[in-house]
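K.L.:
here is a sequence with its predicted model. Questions after.
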Amino acid sequence: MSTPERDEAFLEAFSGWLRTLGSDVVDVSNALRRAEDSYAREVLVGSLNYLFKSIDLIPDGIEDLGMLDDTFVLRTACAMALPHDGTLSSSPVRSLAADATVIHDFLGEDDTRLEKFCAGMRDVNVRGQTAIAIAADAAKIDSLCAEVNDWARAYEVPGFSREPRNLIKLRAFLLTKLPQA
């Protein structure tokens, strides 16, 4: 149930996530290089590939909302990877994974649809390769991480007006595009 206090907490969190997205993806790419579990690597690669995917849940150019789906996918993937790989527990992935509880509070039971989407990103071709193929090859991981670092250097924090109607629009976009559970 939406309340002004909950809405304000969501708006504050989401605004902060947009501010840190550039450094967050660099942190994830650094953790990816150390990850030992194949599933964890695949999920993390899928979330980083999502930055370069031409068809987003929310198109990047949409004012206020366009990059929020990227922040949601990144955090959800971290939460999915963390239990599979102990090397991630001492990295920033742990903090990003903890943020996934905010996404769960925001989406409720529909959070499972986002998890399904993130798991599916392992099989999606982005720039001619799947996350599974990249995750199995250290040179491909290094190439992706270099590309992510370039993306992060060029990232400009988008505007985000902290209006409750943006939460309604965000939820509507996600629930329209996410696969059914």
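P.N.:
Sure, I can see it. Numbers count the residues shown, from 1 in each chain.
K.L.:
my guess is Asp111 contacts Ile103. True?
P.N.:
Yes - the pair Asp111 and Ile103 qualifies as a contact (C-beta atoms under 8 Å) at a distance of 6.2 Å. (Glycine included, C-beta is placed from N, CA and C.)
K.L.:
please name every helix or strand in contact with the helix or strand containing Thr176.
P.N.:
Per DSSP states H and E: Thr176 is located in helix 164-177. In terms of contacts (3 or more C-beta pairs under 8 Å, 6 or more residues apart in numbering; DSSP states H and E), helix 164-177 is packed against helix 4-34, helix 68-81, helix 92-107.
K.L.:
hey, what's in contact with both of Asp111 and Ile103?
P.N.:
Thr76 (C-beta atoms under 8 Å, 6 or more residues apart in numbering).
K.L.:
coming back round to it: got the angle between the helix holding Thr176 and helix 68-81?
P.N.:
60 degrees (axes from the mean of the first three to the mean of the last three C-alpha atoms, to 10 degrees).
K.L.:
only alpha carbons, please: show helix 164-177 as PDB.
P.N.:
Extracted in PDB, the C-alpha atoms of helix 164-177 (Å, rounded to 0.1, in the frame of the first residue of the first chain):
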ATOM      1  CA  PRO A 164       4.900  10.500  -6.500                       C
ATOM      2  CA  ARG A 165       3.400  10.300 -10.000                       C
ATOM      3  CA  ASN A 166       6.800   9.100 -11.200                       C
ATOM      4  CA  LEU A 167       6.400   6.000  -9.000                       C
ATOM      5  CA  ILE A 168       3.000   5.300 -10.600                       C
ATOM      6  CA  LYS A 169       4.600   5.600 -14.100                       C
ATOM      7  CA  LEU A 170       7.600   3.500 -13.100                       C
ATOM      8  CA  ARG A 171       5.500   0.700 -11.800                       C
ATOM      9  CA  ALA A 172       3.200   0.800 -14.900                       C
ATOM     10  CA  PHE A 173       6.200   0.600 -17.300                       C
ATOM     11  CA  LEU A 174       7.800  -2.300 -15.400                       C
ATOM     12  CA  LEU A 175       4.600  -4.300 -15.000                       C
ATOM     13  CA  THR A 176       3.700  -3.800 -18.700                       C
ATOM     14  CA  LYS A 177       7.100  -5.000 -19.900                       C
END
